[in-house]
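> test case, fold it:
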Amino acid sequence: MKIKTIVKVMNFHSLLHVDAARRISERYIRMESEVSKIIDLIVNNRNFILDKLSLKVDDDQPELNIYIGSDYAFCGSMNAVINAAIAEDEDAEKIIVGKKLRRQAPGTLAVMTRDGFDEEYERIEEVLEESLTNQRHSAINVVYNHYYYSGRIGFRRKRIFPIVLAGEAENFYTEDFTVEGNSEELLLALCAAYVGYEMKIAATNSFASENVMRQNATTESLKKIEEREEAERVIEAKEKKQKSFRRVLDAYVKKSFYGGEIS
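Predicted coordinates for the structure are as follows:
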């Protein structure tokens, strides 16, 4: 199969996914801000803090980083920045999602493909649950390529736990909550759901970025292939013209020196 045909198939494949991924990503972007405010108001409310019920982390423990990349080609630069982060984060424990990412690194707890993310998500849930319940990590971060809009994709390292106080105004935390039952279990469940939600948002953003980048790369590749084919056609036409000219010249020489006729 010709290279151009392969690139055309990849370009068409990315076009099929990029619009749907973009719409989902933009919807999540709008939701993320509101969900973050809600969980912040709940977890960091004054009653929980005064009663010392808010979830704590052990600062002496390593961080947990979740790296999200891609499974397929035409995303080299996208995966390169994530692989560089994996190499730099020697002391962190890691969950690596993506076939093209560095799959053997110190502190790796789980490895999976991007295509298998949804099917194997329970493995990540188990790690997150143990992390939150037993204070296994000082922080949980997600590392990926963030989709901002079609013209802007950028590397992002986002801390999703602990949930830092986001309210800047003095009157931001005005709601006090009373809880019936085990408040620690409730907070744990809420935080686990929030962390999982943030990670899925990151995965969706990464998928949108991947398809935008692949579309750009394959479109540029097709342009380069067409430019090369055009150059080859010009060379071929020139060679054909030169052959024709030599044939006419040979015939002229024969006629001039031997009295022959030009055929």
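
> what about the helices in this protein?
Remark: helices assigned in the chain by DSSP state H are 3-43, 46-50, 76-88, 121-134, 183-258.

> which one of these lies closest to Tyr147?
Proximity to Tyr147 (C-beta to C-beta) singles out helix 183-258 among the helices of the chain, at 4.0 Å. Quick note: C-beta positions are derived from backbone N, CA and C, even for glycine.

> quick check: angle from that closest one to helix 3-43?
Our comparison of helix 183-258 with helix 3-43, counting by axes from the mean of the first three to the mean of the last three C-alpha atoms, to 10 degrees, yields an angle of 160 degrees.

> and helix 183-258, what does it pack against?
Judged by 3 or more C-beta pairs under 8 Å, 6 or more residues apart in numbering; DSSP states H and E, the packing partners of helix 183-258 are helix 3-43, strand 64-68, helix 76-88, helix 121-134, strand 140-149, strand 152-161.

> looking at the helices of the chain, which is nearest to Ile163?
helix 3-43 (5.0 Å).

> what is the mean pLDDT for that closest one?
For helix 3-43, mean pLDDT is 74.

> picking up where we left off before, mean neighbour count, the helices and strands packed on helix 183-258: which tops it?
With neighbours defined as mean count of other C-beta atoms under 10 Å, the helices and strands packed on helix 183-258 peak in mean count at strand 64-68, which reaches a mean of 25.

> residues contacting that strand, please?
Here strand 64-68 makes contact (C-beta atoms under 8 Å, 6 or more residues apart in numbering) with 82, 85-86, 89, 92-98, 101, 109, 114, 124, 127, 131, 136-137, 139-145, 199, 202-203, 206.
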